[in-house]
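# after the sequence you'll find the predicted model.
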Amino acid sequence: MSKSIVKDFPKLECPFKRKLMPDGDYIITPEIEEGYDWVFKEEDVICVEKLDGTNVSIIIEDGQIKTIFNRTEKIPFFNKGKSHISEGLIESFKRGYMDMLPDGQHFGELIGEKINGNPYKIKGHLWIPFETYAKEHLRYKSWGKYPKDFQTISNWFKDDLLPLFALKKGDKQGFVEGVIFYRKNGEMAKLRRDMFDWFKGNKHKEAEKYNSGNLE
């Protein structure tokens with residue numbers, strides 16, 4: 001795969017419109033963003049737990065990992081500064097998470113001790129591929145079985161959003177950041193718990209970009 005066609009993972013937007021508050025923070029409103037009504041209207045949309053880590057992609061050629069990227073930064077497999085990325089990929093390989101990945105570029109989330117305070121409390125590091133492991137094991141099968149109005153979704157996020165990744169290791173009270181919605185044609189959207197007006201705690205770092213007018 002040539003360097004010219006290496007892609008960065010796209011910036012994901014929220015399907016609800018945002019409202020800037022007097023304190024400089026923002027919350028989401030019940031109004032749906034233009035072009036995102038598919039999240040709530042199309043039956044084949046799937047909903048997957050959003051992991052709080054750093055985006056890492058790998059390029060596989062002839063069944064072998066040839067290149068590693070952290071966003072658009074090329075990461076040598078053997079390195080001192082970011083050896084935890086290689087560690088996470090090795091652990092993912094050991095667990096069989098890469099077994100079904102064909103040749104091409106594949107995106108995933110790296111989580112662990114050196115990433116965002118390790119909210120999942122795991123030892124070491126682990127790379128979770130989106131297209132295989134996440135969609136299969138971190139999918140909310142209840143999505144679509146209940147009303148998709150704003151208040152129902154807000155109540156779900158506040159009281160009943162299960163930490164699917166944490167549950168895999170028996171942690172029923174584990175951390176859950178939010179969800180990613182996948183459309184059949186490849187489009188995606190995200191929704192985090194800290195976007196709602198009832199959320200108490202530290203906001204995602206994205207809030208700082210929003211306040212400064214530099215939201216990507």
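Thanks, I have the structure now.
# now do the residue most central in space within the chain, the pLDDT please.
Taking CA atoms, centre = their mean, the centroid of the chain lies closest to Lys50, which sits 3.6 Å from it. The model reports Lys50 with a pLDDT of 98.
# just checking, it touches Arg193?
No. Counting by CB atoms under 8 Å, Lys50 stays clear of Arg193, with 9.6 Å between them. All C-beta spots, glycine's among them, are computed from the backbone N, C-alpha and C.
# what sits in contact with each of these two?
Glu177, Gly178 (CB atoms under 8 Å, 6 or more residues apart in numbering).
# list the buried residues in the longest helix along the chain.
Counting residues, the longest helix found in the chain (DSSP state H) is helix 83-94. Neighbour counts over helix 83-94 (16 or more other CB atoms under 10 Å) mark His84, Ile85, Ser86, Glu87, Gly88, Leu89, Glu91, Ser92 as buried.
# quick one: residues contacting the residue nearest to the centre of the chain.
Glu177, Gly178, Val179, Ile180, Lys190, Leu191, Arg192.
# quick check, pLDDT for Ile32.
98.
# can you pull up the bridge partners for it?
Phe16 (DSSP bridges).
# can you give the domain ranges for this protein?
For the chain, the structural domains run 3-51+141-211, 54-136, going by automatic domain parsing.
# mean pLDDT lowest for which of these?
domain 3-51+141-211 (a mean of 90).
# for Pro119, state which of the contacts of Lys50 is nearest.
Set against Pro119, the nearest of those by CB to CB is Glu177 (7.6 Å).
# quick check: phi and psi on Gly117?
phi 80, psi 10 (degrees, to the nearest 10).
# er, Ile28 actually
Torsion angles, degrees, to the nearest 10, at Ile28: phi -90, psi 160.
# in this structure, which spans are helices?
Using DSSP H, helices in the chain cover 38-41, 83-94, 135-137, 150-155, 164-167, 206-211.
# now these as TSV including distance to Lys184?
Converted to TSV, the helices of the chain look like this (distance: least, CB to CB, whole Å):
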stretch	distance to Lys184
helix 38-41	9
helix 83-94	26
helix 135-137	12
helix 150-155	20
helix 164-167	22
helix 206-211	27
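# nearest to Asn118, out of those helices?
helix 83-94 (10.9 Å).
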